[in-house]
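Engineer: No sequence on hand, only this structure:
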């Protein structure tokens with residue numbers, strides 16, 4: 001199937017079908033969940049595989065599993081759909097202000113939270129994020145978003161950047 005022919009763009013509808021098949025583990029279960037026939041789901045997956053130029057699933061008795069290229073697409077399909085939704089919200093001037101609270105240990109905060117928050121913020125720039133980091137004495141050091149993309153710290157030993165535009169300040 002590895003034909004490198006340019007046969008189109010990754011269509012969002014096909015990516016949604018792909019994600020449904022992944023989440024349900026089989027073409028049949030995805031078809032039932034989508035209120036479509038299994039041949040319709042199969043056709044959409046074949047079209048996506050043609051566009052990608054790669055097999056995305058290995059089909060077996062117990063359903064489907066992802067190929068390495070399917071795993072790669074899985075990561076990017078979520079991002080593409082989220083970016084599409086965010087773009088539409090902004091174009092429609094929908095002011096969506098969501099608030100999320102996240103509690104983490106000091107070890108987690110110091111071992112990679114920075115890159116995860118940067119990616120999260122890229123995908124969800126309008127979210128206000130509150131991060132609470134548990135310190136050694138079991139108290140919580142709160143970090144509150146003053147505006148999207150800006151975190152500030154209160155107490156604790158938190159130093160360093162937690163987001164792309166973060167300037168940690170004691171409040």
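Structural biologist: Looks like it arrived, so ask away. Bear in mind the structure is a predicted one, so any value in this text is a computation, not a measurement.

Engineer: ranges for the helices of the protein?
Structural biologist: 12-24, 27-34, 38-52, 68-91, 106-110, 113-123 (DSSP state H).

Engineer: Export these as TSV, with columns for distance to residue 130.
Structural biologist: C-betas here are computed from N, CA, C, even on glycine. Shown next, in TSV, are those (distance: least, CB to CB, whole Å):
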stretch	distance to residue 130
helix 12-24	29
helix 27-34	34
helix 38-52	38
helix 68-91	21
helix 106-110	13
helix 113-123	12
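
Engineer: By mean pLDDT, show me the worst of those.
Structural biologist: Lowest mean pLDDT within the helices of the chain: helix 106-110, a mean of 71.

Engineer: Next one: residue 26 relative to residue 62, how far apart?
Structural biologist: Separation of residue 26 from residue 62 (CB to CB, to the nearest Å) stands at 8 Å.

Engineer: Run a quick neighbour tally on residue 13.
Structural biologist: Close neighbours of residue 13, defined as other CB atoms under 10 Å, add up to 10.

Engineer: before we move on, what about residue 114?
Structural biologist: If we define neighbours as other CB under 10 Å, then residue 114 has 16 of them.

Engineer: Next: residue 77.
Structural biologist: Using other CB under 10 Å: residue 77 sits among 20 other residues.

Engineer: Now it: closest residue in space, sequence neighbours ignored.
Structural biologist: Leaving aside its sequence neighbours, residue 77 sits nearest to residue 15 (CB to CB, 6 or more residues apart in numbering; 4.4 Å).

Engineer: Same question for residue 26.
Structural biologist: Counting by CB to CB, 6+ apart, the residue nearest residue 26 is residue 63, at 3.6 Å.

Engineer: what's the nearest residue to residue 28 if we skip its chain neighbours?
Structural biologist: residue 38 is the one closest to residue 28 (CB to CB, 6+ apart), at 5.2 Å.

Engineer: So for residue 26 and residue 62, which sits in the more crowded spot?
Structural biologist: Of the pair residue 26 and residue 62, residue 26 is the one with more neighbours under other CB under 10 Å, namely 17 against 8.
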